[in-house]
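A.B. asks: Below are the sequence and a predicted model for it; my questions follow.
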Amino acid sequence: DVSVPQEYMVPYAYSEEGYFENGLVTGFGSAVTFKGLNEEGQMEFYAVTDRGPNADAPQYSSDGTVTDAKIFPCPEFTPSIAVLTVTEDGAEVTSVIELKDAEGNNITGLPLEPGQVGSTNETALAMEMNNIGYDSNGLDTEGIAVDADGNFWLCDEYGPFIVKTDSQGKILEKYAPGEGLPEILQYRIPNRGFEGLTITPNGTVMASVQSVLDVNGETDDTACFTRIVALDPETGDTKMYAYPVDLSQYSAPSNCKIGDIYAVDDDTLLVIEQGKLADKTMSNKIYQVDLSKATDISDMTVDGKALEYASAEELQDDVVFAEKDLLLDLRDYGW
């Protein structure tokens, strides 16, 4: 368990005696990365939140338009990075870095306005079910890594975006589909954008799309792979690789979800793959993934359409998928 001191809890307007009286416990841990050892020799980690407290809501109707909705009980919440210090008594949050836009203002985790790149077409609601608007800089943060210069790199599920911040959480660069990232990534399933991020020893930023792309709303039931994106932060060049989805295991391709990723070397990743299998059981596995022979699929199509429309058999002559080897089944270890 992670201990969160009250000063780092999420203030909650409805707190009262016996009811979240100290606020909500902040969910640090959408992703973690090793920071190092402190002066006492204790391990420290950086841990990032996601977009903050939210709950499912009824659909929202306004002026004849119906959208999905989420309740944000703490709409002022700022996605943040904690330092977790591991002691003999457990793990404790010992400091927090809040994320800020280019002007130094705290961002929120609220969704982006419809029509904006990264919008999930969700309406954000307060506890009273009234519309509380959008945040054009909102992030639903997921993966985290630190580069050689001490900057943070984060990915998010909205855009999907990749952002670079300085050591104090101020956003320095933001990469979006069509704006530094391949445009096809705009077809991520809502809230299934980038889930994992890592930096290879040579400095390449790698990010994984959580589920298969749903191109034009037509491929979430047919795609046989999800995409891993490689970004060279020095040149801005990108590559994409196909991470295969075993359709025989899952009742639908979109049930296969990629969690966090970690670069072992420049061509090898550890990848968490999880989801509900066709037999209704849950799977949580870690694969070792070799990209050394994988095809860069960035500019590839089939009959003028995205590769997601094609089957694995149709792609086998032209696309070399990332090679997966099962490293361990977390369910065998009590997960």
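C.D. replies: Yes, it's here. Because the structure is a prediction, the values reported are computed rather than measured. Numbers count the residues shown, from 1 in each chain.
A.B. asks: How about the contacts made by the residue nearest in space to the middle of the chain?
C.D. replies: Residue closest to the average C-alpha location in the chain (CA atoms, centre = their mean): residue 195, at 2.6 Å. Neighbour list for residue 195: 142-143, 155, 157, 208-210, 257-260 [criterion: CB atoms under 8 Å, 6 or more residues apart in numbering]. (Glycine included, C-beta is placed from N, CA and C.)
A.B. asks: switch the cut-off to 6 Å
C.D. replies: Shown in contact with residue 195 (CB atoms under 6 Å, 6 or more residues apart in numbering): 142, 210, 258-259.
A.B. asks: How about residue 189?
C.D. replies: 211, 214.
A.B. asks: now residue 108
C.D. replies: For residue 108, the contact set (CB under 6 Å, 6+ apart) comprises 135, 138.
A.B. asks: ok, now how distant is it from residue 100?
C.D. replies: 11 Å (CB to CB, to the nearest Å).
A.B. asks: One more: residue 69?
C.D. replies: Relative to residue 100, residue 69 is positioned 27 Å away (CB to CB).
A.B. asks: Residue 188 now?
C.D. replies: Shown here: residue 188 relative to residue 100, a distance of 25 Å by CB to CB.
A.B. asks: same thing with residue 286?
C.D. replies: Applying CB to CB to residue 286 and residue 100 gives a distance of 34 Å.
A.B. asks: Residue 276 reaches residue 255, doesn't it?
C.D. replies: Yes. Look at residue 276 against residue 255 with CB atoms under 6 Å: they come within range, at 5.2 Å.
A.B. asks: If you count surrounding residues, which of those two has more?
C.D. replies: Shown here are residue 276 and residue 255; by other CB atoms under 10 Å, residue 255 has more neighbours (18 against 15).
A.B. asks: could you measure the more buried one against residue 313, distance?
C.D. replies: For residue 255, the distance to residue 313 equals 21 Å [CB to CB].
A.B. asks: Same check on residue 11?
C.D. replies: Taken as CB to CB, the span from residue 11 to residue 313 is 55 Å.
A.B. asks: In terms of neighbours, single out the busier of the two.
C.D. replies: Ranked by neighbour count (other CB under 10 Å), residue 11 and residue 313 place residue 11 first, with 12 against 8.
A.B. asks: For that one, grab phi and psi.
C.D. replies: phi -60, psi 140 (degrees, to the nearest 10).
A.B. asks: in the stretch 201-335 of the chain, which spans are helices?
C.D. replies: Under the criterion DSSP state H, counting those that start in this stretch, the stretch 201-335 of the chain contains helices at 312-315.
A.B. asks: what sits against the residue lying closest to residue 119 once chain neighbours are set aside?
C.D. replies: Nearest residue to residue 119 in three dimensions, chain neighbours excluded: residue 112, at 4.5 Å (CB to CB, 6 or more residues apart in numbering). Neighbouring residues of residue 112 by CB under 6 Å, 6+ apart: 118-119, 134, 138, 158.
A.B. asks: any idea how far residue 84 is from residue 23?
C.D. replies: As defined by CB to CB, residue 23 lies at a distance of 19 Å from residue 84.
A.B. asks: higher neighbour count, the two?
C.D. replies: residue 84 (22 against 18).
A.B. asks: contacting residues for that one?
C.D. replies: The contact partners of residue 84, taken as CB under 6 Å, 6+ apart, are 45, 47, 91.
A.B. asks: Quick one: the strands in the stretch 201-335 of the chain, in order.
C.D. replies: Assigned by DSSP state E, counting those that start in this stretch, the strands in the stretch 201-335 of the chain fall at 205-209, 225-231, 238-244, 257-263, 268-276, 282-290, 323-329.
A.B. asks: The fourth one pairs with which strands, parallel or anti?
C.D. replies: Right, the one you point to is strand 257-263. strand 268-276 (antiparallel) (DSSP bridges).
A.B. asks: Extract the C-alpha trace of the strand it pairs with and format it as CSV.
C.D. replies: Taking Å, rounded to 0.1, in the frame of the first residue of the first chain, the C-alpha atoms of strand 268-276 are listed here in CSV:
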residue,chain,number,x,y,z
THR,A,268,13.6,-5.1,-26.7
LEU,A,269,10.6,-4.2,-24.6
LEU,A,270,8.8,-5.7,-21.6
VAL,A,271,5.1,-5.4,-22.2
ILE,A,272,2.1,-6.0,-19.9
GLU,A,273,-0.7,-7.5,-21.9
GLN,A,274,-4.0,-8.0,-20.1
GLY,A,275,-7.7,-8.3,-20.7
LYS,A,276,-10.8,-10.5,-20.6
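A.B. asks: now, among the contacts of residue 112, which is nearest to residue 184?
C.D. replies: Nearest to residue 184 among these, counting by CB to CB, is residue 118 at 14.3 Å.
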